[in-house]
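>>> Everything below, folded, please.
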Amino acid sequence: MINKILLLFTAVFSLGCSSGIPAIKNNPIGAIAGCVIDLSTLQQIADAIAYIPNSTFGTRSDEKGKYVIANLPAGYYTVAVSHISFHTAILLRVRVAVDSVTVVNLRTYRRAIPEEPVPVEWTELPNDIQPIDRYPQVPCTLK
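Numbers count the residues shown, from 1 in each chain. Just a heads-up that it's a prediction; the model follows:
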């Protein structure tokens, strides 16, 4: 009797796996890929962050400025790119189709970075104050 139940369970389980799981079939995916480009020099930007705002989807551009945001459900997205030396750029309504890659070259331009270091005055928290979260708001002022 146990052998028959085990055989039946194995048969049903293998049929379910070979035919696919409905949740996966109902979740078609695509990707967004391209290059991050400096508008003033037309050079690719390495180590820029290309991401979908308000989501967990994002990636870093490689040394040639190329990026791929994969495993996106089909639909329309806002795509953003940021880098410490460049302005954040946002592109609206990028369409991702099923089983395809949407090519989007993200363009931005360099920020004006001061030549001289900016002095910062750091104020330590008193010993009796404990921060309430992992990233405490520590007061500091610019001179």
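
>>> pLDDT weak spots in this protein?
Filtered on pLDDT under 70, the chain yields the residue ranges 1-27, 114-118, 120, 122-143.

>>> mind listing the helices for it?
In the chain, the segments counted as helices under DSSP state H are 2-19, 22-25.

>>> can you give me the strands for the chain?
29-38, 49-51, 58-60, 66-73, 75-83, 86-96, 101-103, 106-108, 120-122, 140-142 (DSSP state E).

>>> Generate a markdown table for those strands, with mean neighbour count as supplementary columns.
Where C-beta positions appear, they are placed from N, C-alpha and C, glycine not excepted. Shown next, in a markdown table, are the strands of the chain (neighbours: other Cβ atoms under 10 Å):
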| stretch | mean neighbour count |
| --- | --- |
| strand 29-38 | 20 |
| strand 49-51 | 21 |
| strand 58-60 | 15 |
| strand 66-73 | 16 |
| strand 75-83 | 18 |
| strand 86-96 | 14 |
| strand 101-103 | 14 |
| strand 106-108 | 20 |
| strand 120-122 | 9 |
| strand 140-142 | 8 |
